[in-house]
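J.: what would the 3D arrangement of this be:
(one chain, ligands or ions: 1)
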Amino acid sequence: MKFLITAGPTREYLDPVRFISNPATGTLGYFLAKKAMERGHSVSVISGPCNFPEIKGVKKIQVESALEMKSVVEEKFPSCDALIMTAAVSDWRPAKRYGKKLKIKKSWNLKLVPNPDILKSVAKIKKVNQVVVGFALESASIIENAKKKLRWKKLDVLVANTVENFGDSSGNNEIFVLYPDGKIKDCSGYSKRKLASFLVLEIERHNKLKRK
Ligand code: C5P
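T.: Next up, the predicted model:
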């Protein structure tokens, strides 16, 4: 299978040296890419700015902003069998990117505009035999909110977890994997490595089912 995996954060610049971002490390994306490669799949990773290590045999495409990530995903998606969107895409970007470093001011208002939702745009061009996996990071009502996201983004698999799982954590908190048929698997306590192994096998299973 051809796997396309996004990883890490995005950076949304307001001037040449300042940006809005988040502490995503790309760790889950890394374990997914490694596992998929070990299982004999062809793997490409679209990575935002994080220390995503080179993996021999895995193609890495470096991007910075959500708009850049969107354009690479849209270019690569039609020829992949599975897309896994682990990237913590910034939901907003500054309305204006200044060409010169902003001078210090006492206080000022920064206007943000929403970034497009990459999974939503992929849903429009998705073919029936493609598997799309999304993630949902929630502070409360994890399952309720995740169910909405699963439908809204037309996902085959959605991994819902809590904000405590974000960034550099070991990933030992609540994790639920949701499917469109209403099934929910409780993966709470799984390490990122274990979750990655589970997801790669799940994607292979979905791919087989879709091809029947
Ligand atoms: O809505 P929320 O940000 O929780 O959605 C998370 C999922 O959607 C993740 O899989 C993330 O990669 C993806 N996403 C996206 N485009 C955005 C924001 C998030 O594809 N602009």
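
J.: which SS class is residue 208?
T.: Secondary structure state of residue 208, per DSSP: H, G, I helix; E, B strand; the rest coil, is helix.

J.: list the contacts of it.
T.: Residues near residue 208 by Cβ atoms under 8 Å, 6 or more residues apart in numbering: none. Using the backbone N, CA and C atoms, a C-beta is placed for each residue, glycine as well.

J.: so it versus residue 200, what's the distance?
T.: 13 Å (Cβ to Cβ, to the nearest Å).

J.: what do you get for residue 69?
T.: According to Cβ to Cβ, residue 69 and residue 200 sit 22 Å apart.

J.: you'd agree residue 190 is up against residue 176?
T.: No: judged on Cβ atoms under 8 Å, residue 190 makes no contact with residue 176 at a distance of 10.7 Å.

J.: what about the longest strand seen in the chain, average pLDDT?
T.: Under DSSP state E, the strand in the chain containing the largest number of residues is strand 131-138. What strand 131-138 shows for mean pLDDT is 94.

J.: what separates it from the chain centre, distance-wise?
T.: How far strand 131-138 lies from its chain's middle: 7 Å, per Cα atoms, centre = their mean, to the nearest Å.

J.: and that strand, what does it pack against?
T.: If contacts are counted by 3 or more Cβ pairs under 8 Å, 6 or more residues apart in numbering; DSSP states H and E, strand 131-138 sits against strand 82-85, helix 118-125, helix 142-152, strand 157-162, helix 192-211.

J.: ranking these by burial, who's on top?
T.: strand 82-85 (a mean of 26; mean count of other Cβ atoms under 10 Å).

J.: and it, does that touch the ligand?
T.: Yes: using Cβ under 6 Å from any ligand atom, strand 82-85 comes into contact with the ligand via residue 85.
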